[in-house]
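**Student:** One predicted model, sequence on top.
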Amino acid sequence: MVLNALNAGESSIRLQAALAAGTRADPDLLEALVARCAVEPDFFVRDMLTWALTRLPASLTVPRLVAELGSPIAQARSQALHTLSKLGDERAWPAITRSLLRDADDEVARTAWRAAVALAPDGEREGLAVELAAQLGRGDRNVKLSLSRALVALGSEQALQAGLDSDDPAVAAHARATRALLLDPEAGFDAAIAEATRVMALGPDKC
């Protein structure tokens, strides 16, 4: 039975159960799939769970996933955001709140940035870029890279200006690196960060 298999001890069994759920596309499995997303430790199983959810009617999944964004469990929020980004249904856009974009959990915030970029209507993208740019300098390399990618996808150089003018060296370097990627998407992130840090240390007149 799919419901029992989704909670099996072996990840291979859970993976097959998620595959079966997606193949069946039974709306009665919605709650079980969402619940499993919140606790599933295996990346590949989580990815299959997301696929199974995308197979269900969006009229059912979108409201349920939006409700999950209020969960106290970080993984529940992150997986709901990830699945909403895969669905690409703009009805979910109002649920991508400032609190999610600034979530204290880095993985939730990173997923919220990706979801927001995927779902934001054209008229909201500039404002989203400004909101994301306010977090320049946040986190480790992976967090910074995720934020830069989101900003590059939004394509707003103007949104970076406050970061470029920041007195915080980490913020300014991140903003410079993001601008470099925006102007040349083929540039490597680590190289852009290193160059931006060098410029900040020496001053533009010495470079």
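**Tutor:** Received it, and whenever you're ready, just let me know what you need.

**Student:** contacting residues around stretch 31-43?
**Tutor:** 2-3, 6-7, 11, 14-15, 18, 21, 46, 49-50, 52-53, 56, 64-65, 68, 71, 73, 75-76, 79-80, 83 (C-beta atoms under 8 Å, 6 or more residues apart in numbering). In this view, the C-beta of every residue, glycine as well, is placed from N, C-alpha and C.

**Student:** Tell me the buried residues in it?
**Tutor:** 32-34, 36-38, 40 (16 or more other C-beta atoms under 10 Å).

**Student:** End to end on that stretch, go ahead and measure it.
**Tutor:** 20 Å (C-alpha to C-alpha, to the nearest Å).

**Student:** Could you check how far it is from the centre of its chain?
**Tutor:** Per C-alpha atoms, centre = their mean, to the nearest Å, the displacement of stretch 31-43 from the mean C-alpha position of its chain is 17 Å.

**Student:** average pLDDT across that stretch?
**Tutor:** Averaging pLDDT along stretch 31-43 gives 97.

**Student:** contacting residues for the closest residue to Leu160 other than its chain neighbours?
**Tutor:** Leaving aside its chain neighbours, Leu160 sits nearest to Ala175 (4.9 Å; criterion: C-beta to C-beta, 6 or more residues apart in numbering). Shown in contact with Ala175 (C-beta under 8 Å, 6+ apart): 133, 136, 160, 163-164, 166, 196.

**Student:** cool, Thr54 as well?
**Tutor:** 22, 61, 83, 86-87.

**Student:** Inside helices: which ones of the residues you listed?
**Tutor:** 22, 61, 83, 86-87 (DSSP state H).

**Student:** Distance check, Leu30 against Ala172.
**Tutor:** Going from Leu30 to Ala172 by C-beta to C-beta, to the nearest Å gives 46 Å.

**Student:** For this structure, which segments count as helices?
**Tutor:** Under DSSP H, the chain gives helices at 2-5, 11-24, 30-37, 43-54, 58-68, 74-87, 98-101, 106-119, 125-133, 141-154, 161-164, 169-183, 189-202.

**Student:** for the longest one, the distance to its chain's centre please.
**Tutor:** For helix 169-183, the distance from its own C-alpha centre to the chain's C-alpha centre is 20 Å (C-alpha atoms, centre = their mean).

**Student:** Then the fourth one?
**Tutor:** The gap between where helix 43-54 is centred and where its chain is centred comes out at 16 Å by C-alpha atoms, centre = their mean.

**Student:** Tell me who's in contact with Arg179.
**Tutor:** Contacts of Arg179 by C-beta under 8 Å, 6+ apart are 157, 160, 164.

**Student:** excluding its backbone neighbours, what's nearest the first one?
**Tutor:** Spelled out, it's Glu157. Spatial nearest neighbour of Glu157, chain neighbours left out: Leu182 (5.8 Å); criterion: C-beta to C-beta, 6+ apart.

**Student:** Then Glu124?
**Tutor:** Using C-beta to C-beta, 6+ apart, the closest residue to Glu124 is Trp93 (7.1 Å).

**Student:** The one you found - how many residues pack around it?
**Tutor:** 16 (other C-beta atoms under 10 Å).
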